[in-house]
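> Sequence plus the predicted model coming up.
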Amino acid sequence: MKVAAAAYPLDILPDWQAYEDKLAAWVGEAAGAGAELLVFPEYGAMELATLAGLEIAGDLEGSLHAVAERLDRADAVHAALAREHGVHILAASGPAAGDPRPVNRARLITPEGAVGVQDKQIMTRFEREDWDVAPGGPLRVFETDLGRIGILICYDCEFPLLGRALSEVDLLLVPSCTEALAGYWRVRIGAMARALESQCVSIMSSVVGDAAWSEAMETNTGAGGIFGPPDRGFPSTGVLAVGEIGVAGWTYGEVDLAAIAEVRRDGVVLNRTHWDEQTPRHHSVTSVKLCADRP
């Protein structure tokens, strides 16, 4: 199957129709190229805050609630497009109402209108110290017509135990939002490491460009990318496809579920199968002194 990872810029939306038109153009382009799974990035939904006015969009607290109030309506737009084009869409994540604080939520939408919800697990320093976004519900594995899908939102993919919890998935979606080039590479390295460990394919999408109207989103660096294990049936680099950093648009890649199953069964290495062999060795770590005593 062909998959598509977005490098997605945020816009100031003059009205709701502008949002619908933008999404229709993006989804139409990817579906027209033959993509069956479209992955939008973390916090791509923050542009919805501009519909409440730039003063609210520029306010950390106000923007959270402005987006949360519009998320259901945005999902209806995604659902209509998924049905029209016969594609699965990971809608750009955004703040959703939580108890007591908003959570960062991505939604996986099928052509039949089913919706799978995944919340971010571990907050970045900005999310916890400045924005007060809270961790949400548990990790989930989604059984779909495209295979088993898991979602690790941005920072979450930098934690191997979260990846291990989703080791049954064929496709690991990594919607991302990073300010600096270093942030992009942290997430990309995490996405590639999770593909290595679980012998799966990870699909990373990013917000790109500037959004000076938002204190939270003002600068964004990233690219779309599709990664697999550097093993039999996959590129030696593990990179199936990668976009140009900072350039808006889709990155496309071909994913073969049979290749994933085969590398898990009989790869040159079997990282996923051998994972548990770490545990006894971890518990038997011994400290060895190699430095000379100094007066």
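Nice, I can see it. Numbering: from 1, shown residues only.

> which of the residues in stretch 116-129 are buried?
Neighbour counts using 16 or more other C-beta atoms under 10 Å place G116, V117, Q118, D119, K120, Q121, M123, T124, E127 of stretch 116-129 among the buried residues. Every C-beta, even on glycine, is put in place using the N, C-alpha and C of the backbone.

> Low-confidence regions, this structure specifically.
In the prediction, the chain carries residues with pLDDT under 70 at positions 281-282, 294-295.

> can you pull out the helices in it?
Counting by DSSP state H, the chain has helices at residues 16-32, 54-57, 60-68, 71-85, 125, 160-165, 181-198, 257-266, 271-274, 278-283.

> where's R128 relative to D210, distance?
Spatial separation of R128 from D210 under the definition C-beta to C-beta, to the nearest Å is 24 Å.

> repeat for A91
22 Å.

> The two: which is more packed in?
Neighbours of A91 and D210, each counted by other C-beta atoms under 10 Å, are more numerous for A91; the result is 26 against 12.

> contacting residues around the more buried one?
F40, A45, A74, D75, H78, A106, R107, L108, I109 (C-beta atoms under 8 Å, 6 or more residues apart in numbering).

> Just give me the neighbour total for the fourth one.
Put plainly, it is D75. Residues near D75, counting by other C-beta under 10 Å, number 18.

> Give me the residue at the spatial middle of this structure.
Nearest to the mean C-alpha position of the chain, counting by C-alpha atoms, centre = their mean, stands P175 at 1.8 Å.

> Residues in a beta bridge with that one, which ones?
S205 (DSSP bridges).

> check contacts around it.
Taking C-beta under 8 Å, 6+ apart as the definition of contact, the neighbours of P175 are 39-42, 44, 90, 92-93, 106, 151, 153-154, 204-205.

> residues in contact with the closest residue to V87 other than its chain neighbours?
Leaving aside its sequence neighbours, V87 sits nearest to A31 (C-beta to C-beta, 6 or more residues apart in numbering; 5.2 Å). For A31, the set of contacting residues under the criterion of C-beta under 8 Å, 6+ apart consists of L38, H85, G86, V87.

> Skipping its backbone neighbours, what lies nearest M1 in space?
Among residues not flanking M1 along the chain, E36 sits closest, at 4.7 Å (C-beta to C-beta, 6+ apart).

> Start and end of stretch 273-280, how far apart?
15 Å (C-alpha to C-alpha, to the nearest Å).

> hmm, who's touching that stretch?
Stretch 273-280 is contacted by residues R164, S167, E197, R264 when judged by C-beta under 8 Å, 6+ apart.

> Tell me the buried residues in it?
Judged by neighbour count (16+ other C-beta under 10 Å), stretch 273-280 contains no buried residues.

> what do you get for stretch 201-210?
By neighbour count, with 16+ other C-beta under 10 Å as the criterion, the buried positions of stretch 201-210 are V201, S202, I203, M204, S205, S206, V207, V208, G209.

> And for stretch 24-44?
Taking 16+ other C-beta under 10 Å as the criterion, stretch 24-44 shows 26-27, 30-31, 35-44 as buried.

> quick one: which of these is nearest G62?
The shortest separation between G62 and any of the buried residues of stretch 24-44 is 15.3 Å, and it belongs to Y43 (by C-beta to C-beta).

> you'd agree the closest one is up against G94?
Yes - because the distance of 6.3 Å satisfies C-beta atoms under 8 Å, Y43 is recorded as touching G94.

> joint contacts of the two?
N104.

> Could you tell me how many residues sit around T144?
Using other C-beta under 10 Å, T144 has 16 other residues around it.

> wait, doesn't it sit right on E112?
No - using C-beta under 8 Å, T144 and E112 do not qualify as a contacting pair, with a distance of 10.1 Å.

> Contact partners for P102?
The neighbourhood of P102, defined by C-beta under 8 Å, 6+ apart, consists of L64, H65, A68, P95, A96, V133, A134.

> now those residues as CSV including distance to W16 and neighbour count?
Written out in CSV, the entries for the contacts of P102 read as follows (distance: C-beta to C-beta, whole Å; neighbours: other C-beta atoms under 10 Å):
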residue, distance to W16, neighbour count
L64, 19, 24
H65, 17, 16
A68, 16, 20
P95, 18, 27
A96, 19, 20
V133, 25, 22
A134, 28, 18
